[in-house]
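Visitor: Need coordinates for the below:
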Amino acid sequence: MGILRAILKHPEDIYPLLKLKVAARYAEKQIPSQPHWAFCYIMLHKVSRSFSLVIKQLPVELRDAICIFYLVLRALDTVEDDTSVATEVKVPILMSFHRHVYDREWHFSCGTKDYKVLMDQFHHVSTAFLELGKHYKEAIEDITMRMGAGMAKFIYKEVETIDDYDEYCHHVAGLVGLGLSKLFHASGKEDVASNSLCNSMGLFLQKTNIIRDYLEDINEVPKCRMFWPRQIWSKYVDKLEDLKYEGNSVKAVQCLNEMVTNALSHAEDCLTFLSTLRDPAIFRFCAIPQVMAIGTLAKCYNNIEVFRGVVKMRRVIKMLRFFFLGLTAQVIDRTRNMADVYGAFFDFSCVLKSKVEYKDPHVAKTLKRLEVILRTCENLGTLNKRKSFVIKSGPNYNSTFVVVLVVLVAILLGYQSGNRI
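Guide: Next up is the predicted model:
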């Protein structure tokens, strides 16, 4: 009943979800048969959620390189994230991780659930890594080395200033943008982008995740993780964890809005970077996360629920063993060219602008940054030729559509049950 209720509430999600399911089935057939590659692509799907589908649709050689790049950095991130690992054990591993990728026997037990499986059987990732072309391996090694060193630095150093915040995000995400640009270039399909644009791509995504995941990080056991810069949150509360208490709701939202405003400073660079890409598959691979990020910021802005529960884009259906966000499905389906990206950024920026309250202490800066985004998108001149990304609240369909929809879903769910292993 929960699935049916979600479908009836948001019927516009069905077509994109079905298209994604078909694409996922096709992508699954492209997984190499060798055990180490099969492991890598299975793990990619488990630890990267919907992005695994976009990665799998890249050209084969580049697809394999980015799959391994993602898993290597996900493993590195798992070491950093595991607060149960002692610092004196963790730091040497972070510093030397770029060498471990060459060792077919190396593994390290940490993390939980699928991440623990990845770490326990990391030898499969190393085996696949060693089969990549020279330029791919060099790019992955270089970024892994730099990221590991940056993570190790922030094991000892807290995020105090906004400069610290930017530096931390550079180490854990900006470098990913640089690495991807190197991999794109190694494939012969793109030019190398400027470091500043690549860095902004990573920072926009990372800052969005840090904002959205406040409660998850602050409640981490055995030790909380704190990434919001003290320079910002100390204006509102004495301790970062105080933002989650109901008595601080007004100050918490003001702090949140300042954090979102800070993240918006990278949006223009993201649009510039995306506009330089030539290959359609690479474009979609890069564009979809950015559209999801601006949508998530629009959801988070002025939203006290960030401090009551982890805010994510609307989850609607668990269907045929495939999890997707309803709005995310539409983003993936409709992000095909730069006009689509401009349209999405314009729509979500308008949503965000509508939520700005003039009593907010940073209203001027927020509006200024939103106006830059809106003006950049408007200058394209095609905004009136596309369907809005903003989904209207509440259902809007007739009884015939409902009947057809229910029958279709029943058939799909019956098919799922009949093919369940």
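
Visitor: Sketch out the low-pLDDT regions of the stretch 201-350 of the chain for me.
Guide: The stretch 201-350 of the chain contains residues with pLDDT under 70 at 310-331.

Visitor: Give me the distance between residue 215 and residue 222.
Guide: Here residue 215 is placed at a distance of 17 Å from residue 222 (CB to CB, to the nearest Å). To be clear about C-beta, it is placed using only N, CA and C from the backbone, and glycine gets the same treatment.

Visitor: If you count surrounding residues, which of the two has more?
Guide: residue 215 (18 against 6; other CB atoms under 10 Å).

Visitor: Contact partners for the more buried one?
Guide: 244, 306-310 (CB atoms under 8 Å, 6 or more residues apart in numbering).

Visitor: before we move on, what about residue 157?
Guide: Taking CB under 8 Å, 6+ apart, one finds residue 164 in contact with residue 157.

Visitor: hmm, try it at 7 Å
Guide: By CB atoms under 7 Å, 6 or more residues apart in numbering, no residues touch residue 157.

Visitor: same thing with the one 10 residues further on?
Guide: Going by CB under 7 Å, 6+ apart, residue 167 touches no other residue.

Visitor: one step back: what about the contacts of residue 215, which one has the most neighbours?
Guide: Neighbour max across the contacts of residue 215 (other CB under 10 Å) = residue 306, 25 neighbours.

Visitor: and it, that one's in a helix?
Guide: Yes: applying DSSP: H, G, I helix; E, B strand; the rest coil, one finds residue 306 inside a helix.

Visitor: How much space separates it from residue 215?
Guide: 7 Å.

Visitor: ditto for residue 128
Guide: Residue 128 is 36 Å from residue 215, by CB to CB.

Visitor: Over to residue 238?
Guide: Taking CB to CB, one finds residue 238 at 18 Å from residue 215.

Visitor: Which pLDDT does the model give residue 416?
Guide: Per-residue pLDDT puts residue 416 at 47.

Visitor: Over to the one 4 residues further on?
Guide: Each residue has a pLDDT score; the one for residue 420 is 41.

Visitor: do the same with residue 380
Guide: 71.

Visitor: Identify the residue nearest the residue most central in space within the chain in space, chain neighbours excluded?
Guide: Of all residues in the chain, the one closest to the mean position by CA atoms, centre = their mean is residue 289, 5.5 Å from it. The shortest distance from residue 289 to any non-neighbouring residue, by CB to CB, 6 or more residues apart in numbering, is to residue 205 (5.7 Å).

Visitor: any weak-confidence spans in the stretch 51-200 of the chain?
Guide: Using pLDDT under 70, the stretch 51-200 of the chain has no residue that qualifies.

Visitor: what about residue 36, distance to residue 80?
Guide: In terms of CB to CB, residue 36 sits 24 Å off from residue 80.

Visitor: Among those two, which residue is more densely surrounded?
Guide: Using other CB under 10 Å as the criterion, residue 36 and residue 80 rank with residue 80 on top: 24 against 18.

Visitor: you'd agree the more buried one is up against residue 151?
Guide: Yes: counting by CB atoms under 7 Å, residue 151 is a contact partner of residue 80 at 4.6 Å.

Visitor: Neighbours of residue 84, how many?
Guide: Based on other CB under 10 Å, the number of other residues close to residue 84 is 11.

Visitor: tell me the secondary structure for the closest residue to it other than its chain neighbours?
Guide: Once flanking residues are discounted, residue 84 sits nearest to residue 222: 6.2 Å by CB to CB, 6+ apart. The three-state assignment at residue 222 reads coil, by three-state DSSP.

Visitor: Now residue 222. Its backbone dihedrals?
Guide: phi -80, psi 0 (degrees, to the nearest 10).

Visitor: quick one: residue 301 and residue 354 touch, right?
Guide: No: contact criterion CB under 7 Å: residue 301 and residue 354 do not qualify, at 9.8 Å.

Visitor: neighbour-wise, which of those two wins?
Guide: Higher neighbour count among residue 301 and residue 354: residue 301, with 27 against 11, using other CB under 10 Å.

Visitor: From residue 288, how far off is the more buried one?
Guide: Counting by CB to CB - residue 301 and residue 288 are separated by 21 Å.

Visitor: one step back: where does the residue nearest to residue 289 sit, in terms of helix or strand?
Guide: helix 195-212 (DSSP states H and E).

Visitor: domain parsing for the protein?
Guide: 1-29+159-386, 31-157 (automatic domain parsing).

Visitor: Spit out the contact partners of the closest residue to residue 96 other than its chain neighbours.
Guide: Distance criterion CB to CB, 6+ apart; nearest residue to residue 96, sequence neighbours excluded, is residue 148 at 7.5 Å. By CB under 7 Å, 6+ apart, residue 148 lies in contact with 76, 94-95, 97-98.

Visitor: between the helix or strand hosting residue 282 and helix 195-212, how big is the angle?
Guide: Applying DSSP H and E as the criterion places residue 282 in helix 280-300. Here helix 280-300 runs at an angle of 40 degrees relative to helix 195-212 (axes from the mean of the first three to the mean of the last three CA atoms, to 10 degrees).

Visitor: so how far is helix 280-300 from its chain's centroid?
Guide: Offset of helix 280-300 from its chain centre (CA atoms, centre = their mean, to the nearest Å): 8 Å.

Visitor: Show me what that helix is packed against.
Guide: Helices and strands touching helix 280-300, by 3 or more CB pairs under 7 Å, 6 or more residues apart in numbering; DSSP states H and E, are helix 51-56, helix 195-212, helix 249-264, helix 267-275, helix 326-334, helix 338-354.

Visitor: Can you convert the ones you listed into JSON lines and add a column each for distance to residue 281?
Guide: Formatted as JSON lines, the helices and strands packed on helix 280-300 follow (distance: least, CB to CB, whole Å):
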{"stretch": "helix 51-56", "distance to residue 281": "8"}
{"stretch": "helix 195-212", "distance to residue 281": "17"}
{"stretch": "helix 249-264", "distance to residue 281": "27"}
{"stretch": "helix 267-275", "distance to residue 281": "13"}
{"stretch": "helix 326-334", "distance to residue 281": "13"}
{"stretch": "helix 338-354", "distance to residue 281": "15"}
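
Visitor: which stretches of the stretch 51-200 of the chain form strands?
Guide: Using DSSP state E, counting those that start in this stretch, no strands are found in the stretch 51-200 of the chain.
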